[in-house]
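**Student:** Need coordinates for the following:
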Amino acid sequence: MSAVGEELMEKLMGAWLEKGASYVECRAELTRSTTIEIRDEVVRRLDFGISTGLALRALVGGKVHFMTFALDEANELRAREEKVMPDKAWMIRSSLAEVEPVEDEVIVEAKEPPSEVPVEDKMSLALEAHRACSREGVKTTSTIYMDFTVEKHIRTSEGADVRMILPYALVRHEVTAKVEGRLNSHRVVWGILGGFELLDRDGILRMSEEAGEKAVEGAKVRKCPSGEFRVLLDGDLNHLLAHEALGHGAEADSLRIGSMLKGKMGKHVGSPLINVVDDGRFELGGVRGFGWIPYDDEGVPTGRTVIIERGVLTSYMTDRITASEFGLPLTGNARAQSWAHPPIVRMRNTFIEPSSPEDAMSNEELLEVLGDGLLLRTGRGGQVDPIRGTFTFGVQEVYRVEGGEITERLSNTSISGNILLVLRRISAIGREFDEPQFSAGFCGKQMQRVPVGTSGPWLLVEGLLVGG
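**Tutor:** Presented below is the predicted three-dimensional model:
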């Protein structure tokens, strides 16, 4: 962060303390980004971005004030002269949960920092991956390459001083095939938190080729039947259930509007075979989850939050405001899209895991236990109602399983239900996590998008509504 930004942080914190603030928090950020969009072998977009600014929160007389400043020279001057105190409070809360202030610097190791990689190398990877999707039957291919590196400095009047450099990169395809008048689309992603070298070219090309193959294959197969089935869900759908169907209802700010989990602390809400976890520092085989953050945007250390343990609701996810408001433990889930946004309660890497390793199975064993049913793989968006706990998700790949063996692929479909009922119907769980780079993405809430991840082990559900 520039010396000008450091100077502004110091001046603003001092000004607010002089005005009677009991707490002041400054978050300065500098983000460098590259975006490439390709459609049918034509580069439609090539953007380079730099965004730098500062967010300030201050607690004065029980009111939390929020302000932002773009860190260019003109805006800094206006900030000093005109915006030392805002006209209105952003929100009203009585207090913030206490936390031990931390001083730390975290720079994610990158042999090839994405911000320093020549754009020619990024374009070469994006084009090669895009072309690898092509084959007979593919009608349209859209590819996005994106990287962004966030430099962040958080200081508080309590003494916290945290600096982080977090580099992200991803390649994403959507491939649409048409075979004898039937259309089918398939999406894939490879997202990493780290250096450009983690965008493994060979692995991405294999993923791209498979995307084309699966798009074409899905346009040829028989229609998936509708009804309630015993199903196996893969790691991507594990994550989708944990994050979308359950997780938003476990964010403590949802308690204000009546989450389906309100009033259920200490009660059984799922199978005793499972834990549900949101982990700020999740890694698997040296690969960080896309939602990996060592400190949240209040400078609070993150870690592993067990939301459900052995089927019992044990925790909500909190920031300092909601932890104080509801008398809950502080979990380090305050996140903001950028310096232009206030931190709110957000997930990081969310998944369902076995509560006991002894009860977990291999994927082959799960297929045997399923016997006859459906194997569902890779989700495709949908809708959730965190008040009622209902959800509907798209599913890209469906396979019929007979006698524990995969016998045929069926057309894409949807799943729907009530998440608390589905969690209770989990009768078996795998031990093998699917690779997290294939479940990287962004979560939207209150007009903010933040990186989130993981995947998880396979789940056997005794009865899930498939199709219309």
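**Student:** now what about stretch 148-159, what contacts it?
**Tutor:** For stretch 148-159, contacts defined as Cβ atoms under 8 Å, 6 or more residues apart in numbering pick out 1, 5-6, 9, 13, 17, 21, 23-34, 49, 99, 101, 103, 113-115, 160-168, 295, 297-299. Bear in mind the C-beta positions are built from the backbone N, C-alpha and C, glycine included.
**Student:** Now, those residues that are in strands?
**Tutor:** Using DSSP state E, the members of those that fall in strands are 23-34, 49, 103, 161-168.
**Student:** Where does the prediction get shaky in the stretch 351-468 of the chain?
**Tutor:** For the stretch 351-468 of the chain, the stretches flagged by pLDDT under 70 are 468.
**Student:** I'd like the C-alpha coordinates of stretch 402-420 written as PDB, please.
**Tutor:** C-alpha atoms of stretch 402-420 as PDB (Å, rounded to 0.1, in the frame of the first residue of the first chain):
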ATOM      1  CA  GLU A 402     -27.600 -50.700 -11.000                       C
ATOM      2  CA  GLY A 403     -26.300 -53.300  -8.700                       C
ATOM      3  CA  GLY A 404     -23.600 -50.900  -7.500                       C
ATOM      4  CA  GLU A 405     -22.300 -50.400 -11.100                       C
ATOM      5  CA  ILE A 406     -22.700 -47.200 -13.300                       C
ATOM      6  CA  THR A 407     -24.700 -48.400 -16.300                       C
ATOM      7  CA  GLU A 408     -25.500 -45.300 -18.300                       C
ATOM      8  CA  ARG A 409     -25.500 -41.500 -18.400                       C
ATOM      9  CA  LEU A 410     -28.800 -39.700 -18.400                       C
ATOM     10  CA  SER A 411     -29.700 -36.100 -19.200                       C
ATOM     11  CA  ASN A 412     -29.100 -33.200 -16.900                       C
ATOM     12  CA  THR A 413     -31.700 -32.500 -14.300                       C
ATOM     13  CA  SER A 414     -32.500 -30.700 -11.000                       C
ATOM     14  CA  ILE A 415     -32.800 -31.600  -7.400                       C
ATOM     15  CA  SER A 416     -35.000 -29.900  -4.800                       C
ATOM     16  CA  GLY A 417     -36.100 -30.300  -1.200                       C
ATOM     17  CA  ASN A 418     -35.700 -29.000   2.400                       C
ATOM     18  CA  ILE A 419     -32.100 -29.000   3.500                       C
ATOM     19  CA  LEU A 420     -32.800 -30.100   7.100                       C
END
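**Student:** How far off centre is it?
**Tutor:** Centroid separation for stretch 402-420 versus its chain: 24 Å, with Cα atoms, centre = their mean, to the nearest Å.
**Student:** Can you mark which positions in it are buried?
**Tutor:** Judged by neighbour count (16 or more other Cβ atoms under 10 Å), stretch 402-420 contains these buried residues: 409, 410, 411, 412, 413, 414, 415, 416, 417, 418, 419, 420.
**Student:** Could you chop the protein up by domain?
**Tutor:** With automatic domain parsing as the criterion, the domains of the chain are listed as 3-218, 227-466.
**Student:** Please identify the most buried of these.
**Tutor:** Mean neighbour counts were compared across the domains of the chain using mean count of other Cβ atoms under 10 Å; the top stretch is domain 227-466, at a mean of 21.
**Student:** Endpoint to endpoint, that domain covers what distance?
**Tutor:** Taking Cα to Cα, to the nearest Å, domain 227-466 runs 5 Å from one end to the other.
**Student:** Tell me the helices and strands packed up against the top helix by length along the chain.
**Tutor:** If each helix of the chain is counted by residues according to DSSP state H, the longest one is helix 201-218. In this structure, helix 201-218 packs against helix 119-132, strand 138-156, strand 161-179, strand 182-193, strand 390-402, with contacts taken as 3 or more Cβ pairs under 8 Å, 6 or more residues apart in numbering; DSSP states H and E.
**Student:** Repeat the analysis, applying 7 Å as the threshold.
**Tutor:** Using 3 or more Cβ pairs under 7 Å, 6 or more residues apart in numbering; DSSP states H and E as the contact test, the elements touching helix 201-218 are helix 119-132, strand 138-156, strand 161-179, strand 182-193.
**Student:** what's the distance between it and the middle of its chain?
**Tutor:** Its chain's C-alpha centre and that of helix 201-218 lie 23 Å apart, by Cα atoms, centre = their mean.
**Student:** And stretch 365-383, by the same measure?
**Tutor:** Here stretch 365-383 shows a centroid-to-chain-centroid distance of 22 Å under the convention Cα atoms, centre = their mean.
**Student:** same deal with stretch 247-255?
**Tutor:** Here the centre of mass of C-alpha atoms in stretch 247-255, compared against the chain's by Cα atoms, centre = their mean, lies 15 Å away.
**Student:** Make TSV from the helices and strands packed on helix 201-218 and add distance to residue 350 and mean pLDDT to it.
**Tutor:** Formatted as TSV, the entries for those read as follows, by distance: least, Cβ to Cβ, whole Å; pLDDT from 0 to 100:
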stretch	distance to residue 350	mean pLDDT
helix 119-132	27	98
strand 138-156	21	98
strand 161-179	18	98
strand 182-193	15	97
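**Student:** Tabulate those in a markdown table, adding columns for distance to residue 231.
**Tutor:** Rendered in a markdown table, the data for the helices and strands packed on helix 201-218 read as follows (distance: least, Cβ to Cβ, whole Å):
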| stretch | distance to residue 231 |
| --- | --- |
| helix 119-132 | 31 |
| strand 138-156 | 29 |
| strand 161-179 | 25 |
| strand 182-193 | 20 |
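**Student:** Out of those, which gets nearest to residue 395?
**Tutor:** Each of these has some distance to residue 395 by Cβ to Cβ; the shortest is strand 182-193, at 11.6 Å.
**Student:** The closest one packs against which elements?
**Tutor:** For strand 182-193, the elements it packs on are strand 161-179, helix 201-218, judged by 3+ Cβ pairs under 7 Å, 6+ apart.
**Student:** now do 8 Å
**Tutor:** The helices and strands touching strand 182-193, judged by 3+ Cβ pairs under 8 Å, 6+ apart, are strand 161-179, helix 201-218, strand 287-288.
**Student:** Compute the inter-axis angle for that strand and strand 161-179.
**Tutor:** 160 degrees (axes from the mean of the first three to the mean of the last three Cα atoms, to 10 degrees).
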